[in-house]
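Engineer: got a predicted model here, sequence first, then my questions.
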Amino acid sequence: MNAYDEVKALPSVFAPRKNAVPVDRTRVADRQGVWLGRLLGGVVAGIGVVLAAGGIKLVLLGGSLYYLLSGLSYGVAGVLLARRRPSGAMLVIAMLAATLVWAIREAGLDYWALFPRVLLPAGLALLALLAAVRFPANAWRRATAIVAAAIGISMAIEFAFAFVPHGGVHDTALRAFIRL
């Protein structure tokens, strides 16, 4: 008997043990990301409640319906994310698209007017997509990851442009005071 046969005769570490309970891979995958979905869902739902409350007050004062509708949408999306449903992430993406349309309609293409209106919804969309990649019901994991990467790159570019001059801010009252 040579050394190879002796090693071959030893019990293998990788061989299935007798009376071993098989691991249910679907249950293991189902438990992955539970805390992430619940935490993010709670944060998104909390943001939705605050936006909806402010939106109700704004509507009563004769203002825009945007904050009420976005608050309700983020509230529903938060519940869906807490239940680890990919549709919650898709609703957050829809809110990002609606926010882009609203922000451009309201502020035009002025960088400093768009920056605060778009950064938080984009960040919420990025987090929701990253969480949705781990959801077991997500059949579109690769597409979800690609969209998350695209949003992350666009957010990095948007943030980098904050350090580039975009025209000066002029205070006309201060200029009138200085001329006196």
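Structural biologist: Great, that's in hand.

Engineer: for this structure, what are the low-confidence residue spans?
Structural biologist: 1-33, 167-180 (pLDDT under 70).

Engineer: if you count neighbours, what's buried in the longest helix along the chain?
Structural biologist: Longest helix of the chain, by residue count under DSSP state H: helix 34-60. The neighbour-count check on helix 34-60 (16 or more other Cβ atoms under 10 Å) flags 36-37, 40-41, 43-45, 47-48, 51-52, 55, 58 as buried. The way it works is simple: take the backbone N, C-alpha and C, and place the C-beta from them, glycine included.

Engineer: and for stretch 99-119?
Structural biologist: Buried residues in stretch 99-119 (16+ other Cβ under 10 Å): Thr99, Trp102, Ala103, Ala107, Leu114, Phe115, Arg117, Val118.

Engineer: next: stretch 145-160.
Structural biologist: Val147, Ala148, Ile151, Gly152, Met155.

Engineer: which of these sits closest to Gly71?
Structural biologist: Ile151 (21.3 Å; Cβ to Cβ).

Engineer: burial of the nearest residue to the closest one once chain neighbours are set aside, as a residue count?
Structural biologist: In space, and not counting its chain neighbours, Ile151 is closest to Leu126: 4.8 Å by Cβ to Cβ, 6 or more residues apart in numbering. Leu126 has 22 neighbours, counted by other Cβ atoms under 10 Å.

Engineer: is it correct that Leu126 is in contact with Gly152?
Structural biologist: Yes: if you go by Cβ atoms under 8 Å, Leu126 and Gly152 touch, sitting 5.5 Å apart.
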